[in-house]
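A.B. asks: Here's a sequence, model it:
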Amino acid sequence: MKVILLADVKSLGKKDDIVEVKEGYARNFLFTKNLGVPADAKNLNDVKLRKAREDKLSAEKLAEAKALAEKLEKTALVCRIKAGKEGRAFGSVSSKEIAEELKKQYDLDIDKKKLVLPDPIKNLGTYKINVKLHPEVTAVLSVEVAPEE
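C.D. replies: As a prediction, the model looks like this:
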């Protein structure tokens, strides 16, 4: 019997997979626990429409991420921190401060978890920071750490 899985089933398949199982297994286990439905014409069409809608949404998200990446590439962010006479910084700039400055200066709302910053920035200067916007899109943000005036 052919069954469309509604959820991931260990050792059988992933969601929306069409699998061949014994009739008793399907009727007594998969259908009763709402893990699958029979692979008839209506259910196959529903899966096809759902996949098309998901593909469209993922394509829109990818396009939005690419547009935001272009905008970030052109952005030159300036973060100001306290510094001593010889340019030594007091404290550091973390991804949280960078996200707040992006919101304040450019009105770009980027989650701090998307900023790939291995260690906080502890020195003055210009840094290139990767921003992971989408699994396929990574932008490079230029951040200048300058002393407070």
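A.B. asks: list the contacts for the residue lying closest to Leu117 once chain neighbours are set aside?
C.D. replies: Of all residues beyond its chain neighbours, the one nearest Leu117 is Ser95 (4.6 Å), with distances taken as CB to CB, 6 or more residues apart in numbering. In this view, the C-beta of every residue, glycine as well, is placed from N, C-alpha and C. By CB atoms under 8 Å, 6 or more residues apart in numbering, Ser95 lies in contact with 112-113, 115, 117.
A.B. asks: between those residues, which is nearest Val140?
C.D. replies: Leu115 (11.3 Å; CB to CB).
A.B. asks: re earlier: who wins for most neighbours among the contacts of Ser95?
C.D. replies: Greatest neighbour count in the contacts of Ser95, by other CB atoms under 10 Å, goes to Leu115: 19 neighbours.
A.B. asks: That one bridge partners, please.
C.D. replies: Beta-bridge pairing of Leu115 under DSSP bridges involves Val131.
A.B. asks: What separation do you get for it and Arg27?
C.D. replies: Noted for Leu115: a distance of 51 Å to Arg27, by CB to CB, to the nearest Å.
A.B. asks: Domains of the protein: list them as residue ranges, please.
C.D. replies: In the domain annotation for the chain, the residue ranges read 2-61, 66-147 (automatic domain parsing).
A.B. asks: what about the strands in this protein?
C.D. replies: Secondary structure of the chain (DSSP state E): strands located at 2-5, 18-20, 36-38, 76-81, 88-93, 115-116, 121-123, 125-134, 137-147.
A.B. asks: Many thanks, have a good one.
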